[in-house]
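[1] Below are the sequence and a predicted model for it; my questions follow.
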Amino acid sequence: MKPFLSILALGLAALSAPTFAAEGEKPGCEAPARLAEPWTSWTQTGTAIAGGDSLNAPRLILGKPVTATLRPTRYVQYAATPGKGADQGQGGLFTLSLKSPARIGIALSDAAWVDVVDDRTAIASVEHGHGPDCSGIRKIVWFDLKEGAHLVQIAGAPGREIRIMAADERANRPMPRPDDGF
């Protein structure tokens, strides 16, 4: 009878253990964190299949997250050698177009290397960090980008799927008002 009670107690303990609401969240997260701009749309839905080359790379739209299906990195033709992860895990390519220069953050739900490439040269990141606890955002890497087309490279992701979002640092911020003399 005692072994049965021990198994029952273990089963009940497992049922009451905290669960993760999304990838990148920490134990003890009972509800997703409220996100500030420019990440308020992080929980929206969208899907994509990461490109294996730049010609077949899907477009990232600022402020629109997607859950992307990645490819084994050995099947990805990177435009520039990734800083890390080129020979391991999963990866893929995306395009991003900007109408004007901006500081752009690339948020990921899981561990992976992210580069932004212009003319076969990786752009140096200007800042990186983690997303808010319980948000599902594992990391955010910021780049100062010029207007035009860019290639976003993901490498070394451990899983076959990753959530990715590009956001303009100035998204939904009030525009400065011109001095109208009042």
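    That came through fine.

[2] for this structure, where's the lowest mean pLDDT among helices and strands?
    Within the chain, no helix or strand scores below helix 2-16, which has a mean of 40 by mean pLDDT, DSSP states H and E.

[3] chain center to the helix or strand just after it: distance?
    Proceeding N to C from helix 2-16, the next assigned helix or strand is strand 47-49, under DSSP states H and E. Once both centres are worked out by CA atoms, centre = their mean, to the nearest Å, strand 47-49 turns out to sit 13 Å from its chain's centre.

[4] Residue ranges in the chain under the pLDDT threshold?
    Counting by pLDDT under 70, the chain has low-confidence residues at 1-28, 172-182.

[5] I'd like to know how far Val141 sits from Ile164.
    11 Å (CB to CB, to the nearest Å). Every residue, glycine included, has its C-beta placed from N, CA and C.

[6] Mutual contacts of these two, please.
    106, 108 (CB atoms under 8 Å, 6 or more residues apart in numbering).

[7] of these two, who's got more company?
    For Val141 versus Ile164, the count of surrounding residues by other CB atoms under 10 Å is larger for Ile164: 25 against 18.

[8] and that one, what element?
    Short version, using DSSP H and E: Ile164 is in strand 161-168.

[9] just checking, Gly51 touches Ala68?
    No. Using CB atoms under 8 Å, Gly51 is not in contact with Ala68; the gap is 9.7 Å.

[10] Which of those two has more residues huddled nearby?
    Ala68 (26 against 22).

[11] before we move on, back to that, can you check which residues contact both of Gly51 and Ala68?
    In contact with both Gly51 and Ala68: 58, 92, 94, using CB under 8 Å, 6+ apart.

[12] now these in TSV, with secondary structure and distance to Val126?
    Shown next, in TSV, are those (DSSP: H, G, I helix; E, B strand; the rest coil; distance: CB to CB, whole Å):
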residue	secondary structure	distance to Val126
Pro58	coil	25
Gly92	strand	23
Phe94	strand	19
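
[13] need those residues in JSON lines with distance to Ala31, can you?
    Output for the shared contacts of Gly51 and Ala68, formatted as JSON lines (distance: CB to CB, whole Å):
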{"residue": "Pro58", "distance to Ala31": "31"}
{"residue": "Gly92", "distance to Ala31": "30"}
{"residue": "Phe94", "distance to Ala31": "30"}
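
[14] And the residue nearest the centre of the protein?
    By CA atoms, centre = their mean, the mean C-alpha position of the chain lies nearest to Leu108, the distance being 1.8 Å.

[15] Report the beta-bridge partner residues of it.
    Lys139, Ile164 (DSSP bridges).
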